[in-house]
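[1] Show me how the following folds:
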Amino acid sequence: MRFRVPGAAKEEPELNLTSLIDVVLVLIIFFVLTTTFVHQNRLRVDLPQAASGQAASSRTPTVSVDAQGHYAVGGRRLPHDSEQALAGALKALVPSGRGHAKLMIRADGRASHQSVVTVMDVAAQLGFQHIAMATERRP
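    Model (predicted):
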């Protein structure tokens, strides 16, 4: 039997928060590093205008070309504006075995013809047979 000693202080239970704080800080760091920032990958593209046309499917892979000739594939800007980088990004975007795939090109009205022709040439080399140019409807 345990007898209490009269006058002895009763021990209070201790709650150690150090490990809980460590876990919360690791979670905060994880979420900060894995968060995507949508505005970083956008290109400003002013499309030419047309009087007629069809609406494109949202599933169609898209290559955007801005006024300076920078490429973005599927909404993500390429780190290098080379044919090899463009071809690699298009291969990754479209699953293999789709020989008759469609491609949408959104080229800025001030983009050089060479930039657009480069996209068309790379797409033809990869087997794209249906290439569409995006435009805006005239008001």
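[2] Could you point out the helix or strand that follows the helix or strand of the chain with the lowest mean pLDDT?
    Of all helical and strand segments in the chain, the minimum by mean pLDDT, DSSP states H and E falls on strand 49-50, at a mean of 62. Under the assignment DSSP states H and E, the closest C-terminal helix or strand after strand 49-50 is strand 62-65.
[3] how many other residues sit next to I28?
    10 (other CB atoms under 10 Å). Just so you know, the C-beta spots here come from the backbone N, C-alpha and C atoms, and that holds for glycine as well.
[4] Starting from D22, give me the distance back to it.
    Distance, I28 to D22, by CB to CB, to the nearest Å: 11 Å.
[5] SS state for I105?
    Classification of I105 using DSSP: H, G, I helix; E, B strand; the rest coil returns strand.
[6] mind listing what it touches?
    For I105, the contacting residues are 62-65, 116, 119-120, 123, 131-134, by CB atoms under 8 Å, 6 or more residues apart in numbering.
[7] swap the cut-off to 10 Å and go again
    62-65, 111, 115-116, 119-120, 123, 131-134 (CB atoms under 10 Å, 6 or more residues apart in numbering).
[8] Filter those down to the buried ones and express that as a PyMOL selection.
    Per 16 or more other CB atoms under 10 Å, the buried members of those correspond to this PyMOL selection:
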select buried, resi 62+63+64+65+111+115+116+119+120+123+132+134
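[9] Dump the contacts of I105 to JSON lines, plus pLDDT.
    Output for these, formatted as JSON lines (pLDDT from 0 to 100):
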{"residue": "T62", "pLDDT": "87"}
{"residue": "V63", "pLDDT": "89"}
{"residue": "S64", "pLDDT": "89"}
{"residue": "V65", "pLDDT": "89"}
{"residue": "A111", "pLDDT": "85"}
{"residue": "S115", "pLDDT": "89"}
{"residue": "V116", "pLDDT": "88"}
{"residue": "V119", "pLDDT": "90"}
{"residue": "M120", "pLDDT": "88"}
{"residue": "A123", "pLDDT": "87"}
{"residue": "I131", "pLDDT": "82"}
{"residue": "A132", "pLDDT": "83"}
{"residue": "M133", "pLDDT": "83"}
{"residue": "A134", "pLDDT": "80"}
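[10] No further queries at this time; thank you.
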